[in-house]
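K.L.:
build me a model from this:
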Amino acid sequence: MWFITRRLAFYAVAAWVAITVNFAIPRVMPGNAVDAMLAKFPNLDANSLHALQAEFGTHAHGSLVSQYFSYLGDLAHGNLGLSVNQYPANVTTVIAQTLPWTVILVGVATIISFALGTLLGIVCAWRRGGWLDRFLPAFTFLQATPYFFLALIVIELFAVSWGLFPFGQGYSLGTSPGWTWSFISSAAYHSFLPALTIVLTSMAGWMLQMRNVMITTIAEDYVLVAQAKGLSPGRVMFTYAARNAILPNLAGFALSLGFVVAGALVMEIVFSYPGIGLTLYNAVTSDDFPLLQGIFLVISLTVLAACLVADIVYFLADPRTRTRTAY
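P.N.:
So this is what the prediction gives:
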């Protein structure tokens with residue numbers, strides 16, 4: 001418990017720093033949300049201008065300390081301000097509408113790539129020198145390929161040349177969002193190519209890491225003893241070797257879940273996928289400072305939470321970390 005207590009304290013401090021930096025950045029950078037609104041509507045009268053300043057809090061009275069505690073109070077109530085680009089929508093509402101698209105797409109693709117990569121990595125190590133092991137450099141090449149480049153190739157092949165899948169978007173026009181089979185099937189159909197892009201570019205990393213650790217583990221004495229006892233190859237491979245070799249992959253997987261919220265920015269732009277990445281891009285191009293601030297805060301806190309989960313998973317999976325002297 002000493003290890004978990006230390007990590008909780010560390011991430012609590014890190015979360016406070018992220019929140020404080022998120023509060024400070026808009027106050028030190030040039031421009032604000034009202035300036036962005038004036039750029040869109042230059043003919044606003046004085047009363048409308050004062051109303052916008054009050055709504056966005058750009059001319060808040062009181063000391064910086066009082067503004068900071070007011071900001072913390074708003075965060076506690078889920079109030080992240082108003083969006084400039086989608087005024088008068090609340091930033092929390094905008095993020096809540098787009099975040100599920102990214103979490104489902106990138107989350108499912110990450111789980112699939114982790115499962116396939118880990119399993120294929122186990123097979124590569126167990127049958128070292130086989131055809132799958134020799135094919136691994138090709139997967140590594142895909143990992144080095146940028147998201148946007150592979151996305152363009154996938155669109156050209158599957159959408160333009162063969163016409164099997166749509167060019168992009170989250171669902172078909174004319175389909176009403178809801179928990180209906182028509183909408184779910186349409187969303188799954190439109191998300192196939194983005195998910196395929198993520199799986200192809202990330203699976204090789206899991207394969208390579210699992211293979212390398214697995215090869216080292218196979219040479220351990222307890223694995224050799226298990227083989228000498230006449231245990232089945234499958235039991236030795238999964239129960240004795242893979243069970244211990246998978247620990248680094250598990251920690252990396254838990255950490256990668258934190259970046260699910262960040263999504264794949266360029267990939268979502270290429271496919272015009274209505275996730276948090278495309279929303280972030282639109283916020284940048286429209287100078288939507290409150291929305292940028294809210295997205296950065298959500299991403300920062302999610303990554304910190306994922307790091308904490310990764311530490312806890314490693315703590316539970318590896319008994320060696322449960323001694324206080326180990327840390």
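
K.L.:
what residue is smack in the middle of this protein?
P.N.:
Val260 (1.7 Å; CA atoms, centre = their mean).

K.L.:
test my guess that that residue contacts Ile104.
P.N.:
No. Applying CB atoms under 8 Å as the test, Val260 and Ile104 come out as separate, 9.3 Å apart. To be clear about C-beta, it is placed using only N, CA and C from the backbone, and glycine gets the same treatment.

K.L.:
all helices for the stretch 51-200 of the chain, in order.
P.N.:
For the stretch 51-200 of the chain, the helices defined by DSSP state H, counting those that start in this stretch occupy 64-76, 91-126, 131-143, 147-154, 181-218.

K.L.:
hmm, who's touching the third one?
P.N.:
It refers to helix 131-143. Outside helix 131-143, the residues within contact range by CB atoms under 8 Å, 6 or more residues apart in numbering are 120, 123-125, 127, 150, 200-205, 207-208, 211.

K.L.:
gap between Tyr11 and Ile276?
P.N.:
22 Å (CB to CB, to the nearest Å).

K.L.:
more neighbours, those two?
P.N.:
Between Tyr11 and Ile276, counting by other CB atoms under 10 Å, Ile276 is the more crowded of the two (27 against 16).

K.L.:
what's the pLDDT at the residue lying closest to the more buried one once chain neighbours are set aside?
P.N.:
Excluding its sequence neighbours, the residue lying closest to Ile276 (CB to CB, 6 or more residues apart in numbering) is Thr102, at 4.4 Å. Reported pLDDT at Thr102 in the predicted model: 88.

K.L.:
give me the pLDDT for Ala317.
P.N.:
Note on Ala317: pLDDT of 68.

K.L.:
same question, Val34
P.N.:
So, for Val34, pLDDT stands at 69.

K.L.:
the closest residue to Phe167 other than its chain neighbours and Gln86: what is the separation?
P.N.:
Using CB to CB, 6+ apart and skipping the chain neighbours, the partner closest in space to Phe167 is Ala159 (4.9 Å). Relative to Gln86, Ala159 is positioned 29 Å away (CB to CB).

K.L.:
next one: Ala76
P.N.:
24 Å.

K.L.:
Ser191 now?
P.N.:
In terms of CB to CB, Ser191 sits 23 Å off from Gln86.

K.L.:
higher neighbour count, the two?
P.N.:
Set Ser191 next to Gln86 and count neighbours by other CB under 10 Å: Ser191 wins out with 23 against 18.

K.L.:
ok, now which ones touch that one?
P.N.:
So Ser191 contacts 104-105, 170, 273 (CB under 8 Å, 6+ apart).

K.L.:
the helix or strand where Ala251 lies packs against which elements?
P.N.:
Taking DSSP states H and E as the definition, Ala251 sits inside helix 247-258. Packing partners of helix 247-258 (3 or more CB pairs under 8 Å, 6 or more residues apart in numbering; DSSP states H and E): helix 91-126, helix 181-218, helix 289-317.

K.L.:
next, the buried residues of that helix.
P.N.:
Neighbour-count burial for helix 247-258, counted by 16 or more other CB atoms under 10 Å, picks out 247, 249-258.

K.L.:
nearest to Phe23 among those?
P.N.:
Using CB to CB, Gly258 is the member of those that lies nearest Phe23, at 21.7 Å.
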